[in-house]
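In: Got a predicted structure here, sequence first:
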Amino acid sequence: MNPNRRTLRRYSRRNGPRKAQALLAACLLCLAGATGAAPAQVTPVAMHAPAGQHAATASPFTEDPARVAVERFLLQQTAGLPGKVSVQVAPPSGGRAPECLSPDPFLPAGASPWGRVSVGVRCGGERPWVRYMQARVSVLTDYYVASRALGPGEPVSQADIEVRQGDLATLPRAVITDPAQLAGAVAANRIAAGSPMRSDLLRKAIAVRQGQTVTVSVEGEAFQISSEGKVLADAATGNTVQVRLRNGQVVNGLVRSGDTVVLQ
């Protein structure tokens, strides 16, 4: 290769093709002035990106600060959910949206942060305005279904459930995602085999019944005092119940077991 042509190519890579062509034209004009010859025609030099590299194309959407703010906002909103979260924010319809300064995303009242959501974005500046962006939030998680048909009042054990995996957005809102939620639970309604276990289809088993005599205890750091009383209503373990003591006083306590209530 001609050394001058090699030099021109190196100059072009460092400074860009326009400057290289301008330099070539200036050199040819200098030669023409020195020899009296007519200036030669300048042929543009085609520049190619080195192998393995691609020319970067600026995308107005990927650099949209509102999109970035919405994505971060939805990830924060779903941080406490079980499973793997993925967020896809749709580009603005109708082309590039006006610039949004200091974007402040929010969810409309009552909206869930998963599934197909419309996120509001407050935009600052001299004239604050609000835009809305559409997003799809998937939460891939484990959930539980009934392994057999359960009738009302039947207790639920580990043998009665099976684990499945799915998108939280396509499942019932009250679906059980943690087996600990089923501890001490009984079916409040009929549950068909294969149906998702839902908290609204369950209730805690009754631990104490109205009129039952129970031990009422008061616990401190270095003492424990016990007495007896009668339960005034049915209650499950972990629920609050009223108990009438022997002296007639009515107190509120937490049901610890089938025969013990701890004063609150």
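Out: Looks like it came in fine.

In: and stretch 215-234, average pLDDT?
Out: Across stretch 215-234, the average pLDDT comes to 86.

In: heads up, I number from 220, so please use that
Out: Happy to do that; since the first residue is 220 now, the last one works out to stretch 434-453.

In: what sits up against that stretch?
Out: With contact meaning C-beta atoms under 8 Å, 6 or more residues apart in numbering, stretch 434-453 is reached by 425, 427-433, 460-465, 469-470, 472, 478-482. C-beta: built from backbone N, CA, C; applies to glycine.

In: same check, this time on stretch 335-351
Out: 285, 288-289, 292-293, 311, 316-317, 319-327, 330, 352-356, 388.

In: Filter those down to the buried ones.
Out: Among the contacts of stretch 335-351, those classed as buried by neighbour count (16 or more other C-beta atoms under 10 Å) are 285, 288-289, 292-293, 311, 316, 319, 322, 324, 352, 354, 356.

In: I'd like to know which of the contacts of stretch 434-453 are part of strands.
Out: Using DSSP state E, the subset of these located in strands is 425, 427, 432-433, 460-464, 469-470, 472, 479-482.

In: So among these, which ones count as buried?
Out: In these, burial by neighbour count holds for 425, 427, 433, 460, 462, 470, 472, 479-480, 482, counting by 16+ other C-beta under 10 Å.

In: quick one: which of those is nearest Val304?
Out: Val304 lies nearest to Ile425 out of those, by C-beta to C-beta, at 38.1 Å.

In: follow-up on the earlier one: tell me the least confident of the buried ones among the contacts of stretch 335-351?
Out: Ranked by pLDDT, the buried ones among the contacts of stretch 335-351 bottom out at Ala316 (73).

In: State the distance from that one to Gly472.
Out: Separation of Ala316 from Gly472 (C-beta to C-beta, to the nearest Å) stands at 59 Å.

In: Could you do Gln353 as well?
Out: Per C-beta to C-beta, Gln353 is found 51 Å from Gly472.

In: Looking at the residue nearest to Leu387 when sequence neighbours are not counted now. What's its pLDDT?
Out: Counting by C-beta to C-beta, 6 or more residues apart in numbering, Val358 is the residue found nearest to Leu387 once chain neighbours are left out, at 3.8 Å. Per-residue confidence (pLDDT) for Val358: 92.

In: which ones are touching Leu326?
Out: Here Leu326 is in contact with 296, 332, 336, 338-339 (C-beta under 8 Å, 6+ apart).

In: By neighbours, which of the residues you listed wins?
Out: With neighbours taken as other C-beta atoms under 10 Å, the top of the contacts of Leu326 is Val338, carrying 24 neighbours.

In: quick one, phi psi at that one?
Out: phi -100, psi 130 (degrees, to the nearest 10).

In: Please report how far it lies from Gln353.
Out: Using C-beta to C-beta, Val338 is found at 8 Å from Gln353.

In: what's the answer for Pro311, then?
Out: 9 Å.

In: pull the helix or strand with minimum mean pLDDT from the chain.
Out: Least confident helix or strand of the chain, by mean pLDDT, DSSP states H and E, is helix 236-254 with a mean of 48.
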